[in-house]
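J.: Show me how the following folds:
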Amino acid sequence: AASREEGGMTSAFPLLPKAWREMEKGKSNSEDGVLAHLERLEAQARESALKQEEKEQQEEKLAGLKARVQELRAQRDELRAKLELQQKRLLEKEGVKTDPEQPSAQAVLEWKIRSMKDLLQLFYLTGISGKLTKRGVCFCISTAYEGTYLHSYYLDVLTKPEVQIQRHSVPTFIPLEQIARRHLQTDIRRFLAVLSDHLNAYAGRRYQADQLQERFSERLEGPLQRNSLCNLLVFHYNVSGDNGSFLFSAKLLYSDLCCSLPTEAIVSCT
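T.: Next up is the predicted model:
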């Protein structure tokens, strides 16, 4: 009887290494699936970042060329006004009767009007348009992301007695007052450019979050969490593999408020 019991125990033990190997194989496949998914995510993130960087460089170069064209046009108009004034003075020296004041004042006024129109046209090419008012200028900043128009924001700027913002529709979480203190009194072009960067980045982040929630809702586990500025996104999503479904948690941080791409991404498997 003892011999049969020992024999039974001996015949049962060889099953243990086989079961152990199956468990180890399943664990290895699970880990390989997670690592492969993370590697794909990293590769996609790098490729997306490179494409975005190239696009931004091209847009920056194009904006610089357009700005240079407008500057050259303004210089041309200024030289034209100076030439007209010089010709007038030469005619006066030669004894030709001309109106002593009105032509030069009119030339200067026309040059100022042309310069302001060129400035507004330059802003329009970069998504900023403006309309002259009795007390200043009303600016409109249009936002877009990858060719999709998103939203417009308005600023009513007074120029007398000093440059100041009378009213606006900029969201409260955009640092408008800080940007105005730095640039509004000294360089209004810079002020509008920086403000436009903030608004376009915010609109782009919000648009991406909306698209993620609308287009991939079936893969998301629970609602997408975000703050008002959309510089912090947290969401959970499922990934199906050969060995089952895996739940991932993702946290996207946007440290640069003038950028629509995350500066840090934390992904974990639960």
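
J.: from here on, contacts and neighbour counts on C-alpha atoms
T.: OK.

J.: Relative to Q44, how far out is Q185?
T.: 43 Å (Cα to Cα, to the nearest Å).

J.: Apologies, that question was intended for Q166.
T.: For Q166, the distance to Q44 - Cα to Cα - is 45 Å.

J.: next one: R167
T.: For R167 relative to Q44 (Cα to Cα), the value is 43 Å.

J.: Check E71 too.
T.: 40 Å.

J.: try R205
T.: 18 Å.

J.: repeat for N238
T.: Distance, N238 to Q44, by Cα to Cα: 18 Å.

J.: hang on, L232 packs against R226?
T.: Yes - with contacts counted by Cα atoms under 8 Å, L232 reaches R226, the gap being 5.6 Å.

J.: any chance you could read off phi and psi for T143?
T.: Torsion angles at T143 (phi, psi; degrees, to the nearest 10) stand at phi -110, psi 150.

J.: ok, it - contacts?
T.: Going by Cα atoms under 8 Å, 6 or more residues apart in numbering, T143 touches G127, Y149, L150, H151, S152, S196, L199, N200, A203.

J.: can you confirm the second one is in a strand?
T.: In this case it means Y149. Yes - according to DSSP: H, G, I helix; E, B strand; the rest coil, Y149 belongs to a strand.

J.: Begin at 442, not 1, for the rest of this chat.
T.: New numbering, starting at 442: the last item is Y590.

J.: pLDDT score assigned to it?
T.: Listed pLDDT for Y590 reads 85.

J.: if I pick it, what's in contact with it?
T.: Y590 neighbours (Cα under 8 Å, 6+ apart): S583, T584.

J.: And for the last one?
T.: By Cα under 8 Å, 6+ apart, the contact list for A644 reads T584, A585, Y586, L591, H592.

J.: ok but it is inside a helix, no?
T.: Yes - when three-state DSSP is applied, A644 is found to be in a helix.

J.: And it, how far from E488?
T.: 22 Å.

J.: Next, the buried residues of the strand or helix carrying V635.
T.: Element membership of V635 [criterion: DSSP states H and E] is helix 629-656. With burial defined by 16 or more other Cα atoms under 10 Å, the residues of helix 629-656 counted as buried are 632-648, 650, 654.
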